[in-house]
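Undergrad: Task: produce atomic coordinates for the following.
(one chain, ligands or ions: 1)
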Amino acid sequence: MRIRTELIIFFLIISVVPLSAVVYMSYDYSREAIRDTVMTNLLGATENSGNAIDNWMDVRKDDIRVISRSEHAINTEKDELREYLAAYESEYQGVYEEFFLLDLDGNIIFSTLNRTGNASKERYFTEAAKGKLYISDVTLSEITGYPGVILANPVRKNGSISGIMAARVSMENLYRILENIDIGKSGEIFIVNKDGDIIFHNNRSEILHKNINNNFAVKEVTYEKNGINEYVNYKGEKVLGSYYWLPLYRWGLVVEKNIDEAYSGVFNLERQMVSISTIALIAVVLVAIIISRRITGPIKSLEEGATGLLSGNFKPIPVSSNNEIGRLTKIFDDTASELLEIRKKLETKIDIANKDLEQKNKELIAANEELKKLDELKSDFISIVSHELKTPLSSIRISAEYLESEAKNNPEVQKEMFDIILRNIDRLTRLINDILDQSKIEAGKMGLQLERADIREIVNAVIEYNKLLSLKKNISITADIPGNISPVIVDREKLIIVMNNLLENALKFTPDGGSIVLSAKDDTDNIEVRMKDTGIGIEKDKLEKIFDKFYQVDSTSRRKIGGLGLGLSIASGIIRAHGSEIHVESDVGCGSTFSFRLKKAGK
Ligand code: ADP
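TA: From the prediction side, this is the model:
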């Protein structure tokens, strides 16, 4: 789970739980308070109205008592009585529909409506005739259609009942009394008699048309109880009903209010609480998001920074606060920069090491090549040497056999054979000396016996050695050396080997009838020696290689001409030991010139 989500959940838990508890407790308390208030108000209004009805009826009772004691009633002075009653009618407009006087037979002897008739069978008459004020049941007036009651009181003359004074009282006035009770849109106010008949109702059409003795409040009130309760009324609606018993008339006043309307305050409160809770919840979530952003923002930047550092794409994280996270970010930035620095250094070192390694690798490859070359050289050496040894050895063998068998008695042939044997022994000796010289040069063990020498003398000696071959091939060898040439400081024997090797080559690679010139001339500190032939020449790209050991330009010619391919290698080694170098210039078909310098001997 992400830190942000965890923080939001945390904030929700620490704020919503106590908030819910507070909201619930205050809701519960307020709900009960509202319910109590609603009930108290309704009950109070019902009781007040009941009392008002009682008072109002008391006034009516007093009125009828006073009227029945008036002289006009006692003496049946009709005109005066009418006038007297007119005052009541005008004072209580609409309350008294009719005043009428009955004789003891029940005949109506006076009526403000000039009505006549007999009421001897009416209960109000019979009951009042017994000597007490009587209040009839509620009936609908034949004249107005309004509900009303008849109040009848005996008229006494000289202590005995002389008639009955009665008044028809309209209950219309009760509407004025009861209109102060708030019953909402669909509530009801009604008065029932002890049998449960509706004798008064805020809806006139209900009056005396219904018996609702099953209604909870009606039952309660007819048991002469006062109170308030929630119940399902006779219409099947859930109501809050308040009831008040009027004992004098045996009436029950009932006020019923639709429960939702009655407790609308509670529902409003519920709505308010839900709104407040929702707003508080949204506020908490917003605050949680803002705070968690502030906390997780820098952490996220750190995470991105760390990822960048791993992938080598690090950008310093801006430090946005001075708190612990801000300080951590600073430390991280510094550490990352240091790490990058170290990384750079390491990379440079690795680069250098890699280059070094590459160099070493190249050297290794070169060494390997060298080794391969050496290996090839070894093979070449073995094959060339064995071949070169074989030829003179077989000549010696053949000559020796011939000596033993055929030429025993022929001194001329014997001499020829001996010559062949001696020549081949020389050849073998030279070959072996060449190999020994070469190995000495390679081992750096070529010691020089330096001495003052005359180059002319050395050149002439070498020409002399090769005279036979030059005559054989009809090649002219000339020495072109000034008589006053300076002496040189050389190892005489070794220089003879050099000159001999070069001259042998010149003779080998110069066709019959060619010419060879050996020259020497003074240079500042040196004597420059040159040997020029008119031989086959050497291709330009082979010029460097001819000084390698065992190298021969043309292996076919090698076969014809012979040789180990060591001559130039040895010559070059000796001259190098003298601190100089052999150079060659050549044109294929025209000839070659080999040259080197020798140090002059001091005077
Ligand atoms: P070898 O003479 O035994 O073959 P060298 O080392 O003396 O070996 O000479 C190497 C090669 O150089 C020869 O085989 C030949 O091909 C070439 N070479 C040397 N000297 C001459 C020359 N004067 N003219 C033409 N080619 C030459």
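Undergrad: Next, count neighbours for the residue in the stretch 51-200 of the chain that the ligand sits nearest to.
TA: Among all residues of the stretch 51-200 of the chain, K185 sits closest to the ligand, at 135.3 Å; criterion: C-beta to the nearest ligand atom. To be clear about C-beta, it is placed using only N, CA and C from the backbone, and glycine gets the same treatment. Residues lying near K185 (other C-beta atoms under 10 Å) number 7.
Undergrad: Check which helix or strand it maps to.
TA: Assigned by DSSP states H and E, K185 falls within no helix or strand.
Undergrad: How much space separates the spatially closest residue to it that is not a sequence neighbour from the ligand?
TA: Take K185 and drop its neighbours on the chain: the residue closest to it by C-beta to C-beta, 6 or more residues apart in numbering is E261, 6.7 Å away. Taking C-beta to the nearest ligand atom, to the nearest Å as the measure, E261 falls 133 Å from the ligand.
Undergrad: For E261, which residues are in contact?
TA: Taking C-beta atoms under 8 Å, 6 or more residues apart in numbering, we find E261 in contact with G184, K185, S186, G187.
Undergrad: average model confidence for whichever helix or strand it is part of?
TA: Assigned by DSSP H and E, E261 belongs to helix 259-262. Mean pLDDT, helix 259-262: 88.
Undergrad: Check which residues of the helix or strand hosting A571 are buried.
TA: Following DSSP H and E, one finds A571 within helix 567-577. Of the residues in helix 567-577, G567, L568, S569, I570, A571, S572, G573, I574, I575, A577 count as buried by neighbour count, 16 or more other C-beta atoms under 10 Å.
Undergrad: Equivalent analysis for stretch 539-548, please.
TA: With the criterion 16+ other C-beta under 10 Å, stretch 539-548 contains buried residues I546, F547.
Undergrad: Please see if it touches the ligand.
TA: Yes. Stretch 539-548 is in contact with the ligand by C-beta under 6 Å from any ligand atom, via I546.
Undergrad: what's the closest non-adjacent residue to I161?
TA: Nearest to I161 is P154, by C-beta to C-beta, 6+ apart, at 4.4 Å.
Undergrad: pretty sure the one you found contacts E127?
TA: No. Judged on C-beta atoms under 8 Å, P154 makes no contact with E127 at a distance of 9.8 Å.
Undergrad: can you dump the C-alpha coordinates of the helix holding E261 into CSV?
TA: C-alpha atoms of helix 259-262 as CSV (Å, rounded to 0.1, in the frame of the first residue of the first chain):
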residue,chain,number,x,y,z
ILE,A,259,-45.5,11.4,13.2
ASP,A,260,-43.2,12.6,10.4
GLU,A,261,-44.6,16.2,10.6
ALA,A,262,-44.5,16.1,14.4
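Undergrad: could you point out which element follows it?
TA: helix 264-311.
Undergrad: and that next one, what does it pack onto?
TA: helix 3-68, helix 324-405 (3 or more C-beta pairs under 8 Å, 6 or more residues apart in numbering; DSSP states H and E).
Undergrad: Those helices: which one's closest to the ligand?
TA: Closest among the helices and strands packed on helix 264-311, using C-beta to the nearest ligand atom: helix 324-405, at 8.8 Å.
Undergrad: So what's the gap between that closest one and the chain middle?
TA: Distance of helix 324-405 from the chain centroid (C-alpha atoms, centre = their mean, to the nearest Å) equals 51 Å.
Undergrad: ok and it relative to helix 264-311, angle-wise?
TA: On the basis of axes from the mean of the first three to the mean of the last three C-alpha atoms, to 10 degrees, helix 324-405 is oriented at 30 degrees to helix 264-311.
Undergrad: circling back to that earlier point, out of the buried residues of helix 567-577, which are close to the ligand?
TA: Within those, those near the ligand by C-beta under 6 Å from any ligand atom are G567, L568, S569.
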